[in-house]
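Visitor: my questions concern the predicted model and sequence given below.
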Amino acid sequence: LIMTKTVLAVAASDTSGVLKKIEIERRSVLEKDVDIDIKFCGICHSDLHQIRAEWPIPVAYPMVPGHEIVGIVREVGSDVTIQLIC
């Protein structure tokens, strides 16, 4: 059974680049997932291009940018090994 939970996120709602706090739904951890309590997140130039829809790929909003994160692992799926986390 896949459950969801509501979490706080910082997201763009359009191409303006303005980020606002919103609540989003996240599904429960599956076999190959790692749930991380994100403490810090960097926004780089590629995130800005994605927010502004400047690349020839589909864009969906709200968009939660950022892929350079620091956090604490809260939960790992049953198929996750230490080699996948490092």
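Guide: Happy to help now that I have it.
Visitor: now the strands for the protein?
Guide: Using DSSP state E, the strands of the chain run over residues 4-12, 19-27, 34-42, 68-76.
Visitor: between those strands, which one is nearest to residue 59?
Guide: For residue 59, the closest of those is strand 4-12, at 9.4 Å, according to Cβ to Cβ. For the C-beta atoms, the positions are set from N, CA and C on the backbone; glycine is no exception.
Visitor: which residues does the most centrally placed residue in the chain contact?
Guide: Centroid-nearest residue in the chain: residue 64, 5.7 Å away (criterion: Cα atoms, centre = their mean). By Cβ atoms under 8 Å, 6 or more residues apart in numbering, residue 64 lies in contact with 9, 10, 11, 24.
Visitor: of those residues, which is the nearest to residue 60?
Guide: Comparing the contacts of residue 64 against residue 60 with Cβ to Cβ picks out residue 11 as the nearest, at 10.9 Å.
Visitor: excluding chain neighbours, what is closest to that closest one?
Guide: Once flanking residues are discounted, residue 11 sits nearest to residue 62: 4.0 Å by Cβ to Cβ, 6 or more residues apart in numbering.
Visitor: near the one you found, how many other residues are there?
Guide: 14 (other Cβ atoms under 10 Å).
Visitor: kindly report the same for residue 25.
Guide: When counting by other Cβ under 10 Å, one arrives at 8 neighbours for residue 25.
Visitor: got the strands of the chain as TSV, with distance to residue 56 and mean pLDDT columns?
Guide: Listed next are the strands of the chain as TSV, based on distance: least, Cβ to Cβ, whole Å; pLDDT from 0 to 100:
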stretch	distance to residue 56	mean pLDDT
strand 4-12	18	94
strand 19-27	23	96
strand 34-42	24	93
strand 68-76	23	92
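Visitor: right, and residue 55 touches residue 49 too?
Guide: Yes: using Cβ atoms under 8 Å, residue 55 is in contact with residue 49, at 5.6 Å.
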